[in-house]
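[1] generate a structure from the sequence data that follows.
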Amino acid sequence: MSDSVSNAENRTPLSRLLAEITAAGAGPSELMIPEDWLQGRAIYGGLSAALCLQSALSYVPEAGPLRSAQLAFVSPAGPGVRLVPNVLRQGKSAVFAGTDLLRDDGGVASRATFCFGKSRDSRLAVDRLPAPDVADAADCQGFFKDEAGNNRGPNFAQHFDSRRAADALPMSSADAPVFTAWMRHRDRAIESTIVALAAIGDALPPASMALFDGPAPVSSMTWQFESVDEAPATTDGWWLCQSRAETIGQGYSSQSMTIWNHDRQPILVGRQNVAVFY
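    Have a look, this model is predicted:
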């Protein structure tokens with residue numbers, strides 16, 4: 001990722017893409033995905049998740065806070081895509097909605113299912129997701145860099161500030177497949193919402209890439225995440241993100257993912273299945 005590519009004038013703000021969906025109102029919308037949001041020949045998975053979620057929220061604005069999301073990244077798409085939202089079930093406290101992100105030829109590129117649920121009183125309160133003991137983002141070095149300090153990262157990474165908080169760097173032949181990094185949007189018009197969090201939640205490379213000694217293809221197949229705070233908020237836009245590969249074999253990896261806010265409060269937890277060509 002060269003310095004010229006990372007300049008703001010070469011980036012298409014996420015806020016602009018989300019505004020196009022909102023402007024289309026409740027129903028299908030069409031977008032042109034710019035090259036700076038691609039990961040190889042596919043749309044960056046976090047962007048697909050954010051666009052599908054915004055489409056669902058525009059379709060059912062009264063749905064309530066997001067509780068869970070399931071995404072299948074079926075095939076590459078772009079630059080032209082169509083978002084088609086629908087309601088699967090609407091109850092008294094929970095709403096199940098879905099969005100298909102379609103290719104130009106009408107085929108499914110991504111399929112998302114969302115569960116929204118209004119909060120209720122409970123006698124239970126359990127939190128067993130302690131944040132790792134790491135320095136604040138201001139005291140950490142860049143994440144998408146090699147050992148010599150040179151920029152190297154996927155095309156979409158230019159949309160995020162990133163800092164290595166602990167553990168490995170990509171393609172560093174590390175002993176353990178774990179990434180821990182601070183991430184935030186460079187688009188300062190992005191508010192601290194669950195849509196913005198979905199867009200950044202997949203920004204870390206698959207954790208299996210910590211074991212790589214050089215470039216090799218990877219592809220996210222599915223992603224499930226759960227929001228554990230109905231009003232996600234953080235300081236200065238920074239989120240502490242961690243991905244940990246728990247199994248790697250037969251060309252696939254299963255990884256856990258967690259996001260905390262600046263105050264080390266858990267905000268999002270997830271799992272992902274990744275195809276590994278290494």
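[2] so where's the protein shaky on pLDDT?
    Scanning the chain for pLDDT under 70 picks out the ranges 1-9, 146-151.
[3] can you show me the helices along it?
    14-24, 45-59, 194-200 (DSSP state H).
[4] as JSON lines, the ones you listed with mean neighbour count would be great.
    No exception for glycine: its C-beta is placed from N, CA and C like everyone else's. Shown next, in JSON lines, are the helices of the chain (neighbours: other CB atoms under 10 Å):
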{"stretch": "helix 14-24", "mean neighbour count": "17"}
{"stretch": "helix 45-59", "mean neighbour count": "26"}
{"stretch": "helix 194-200", "mean neighbour count": "25"}
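[5] for F179, find the nearest of the ones you listed.
    helix 194-200 (13.6 Å; CB to CB).
[6] which outside residues touch the closest one?
    With contact meaning CB atoms under 8 Å, 6 or more residues apart in numbering, helix 194-200 is reached by 14, 18, 46-47, 49-50, 53-54, 57, 65-66, 69, 160, 183-185, 190, 225, 227, 232, 239, 241, 259, 267-268.
[7] hmm, back to that, nearest to Q255, of the helices of the chain?
    Among these, helix 45-59 sits nearest to Q255 (CB to CB), with 12.9 Å.
[8] check which helices and strands that closest one sits against.
    helix 14-24, strand 29-32, strand 66-73, strand 80-90, strand 94-102, strand 108-117, helix 194-200, strand 218-227 (3 or more CB pairs under 8 Å, 6 or more residues apart in numbering; DSSP states H and E).
[9] is R111 bridged to anything, and to what?
    A72, D100 (DSSP bridges).
[10] test my guess that it contacts D100.
    Yes - under the criterion of CB atoms under 8 Å, R111 makes contact with D100 at 5.5 Å.
[11] distance of the residue nearest to A165 when sequence neighbours are not counted from L240?
    Counting by CB to CB, 6 or more residues apart in numbering, A165 lies nearest to V134, which is 4.0 Å off, once chain neighbours are set aside. Applying CB to CB, to the nearest Å, the value for V134 to L240 is 7 Å.
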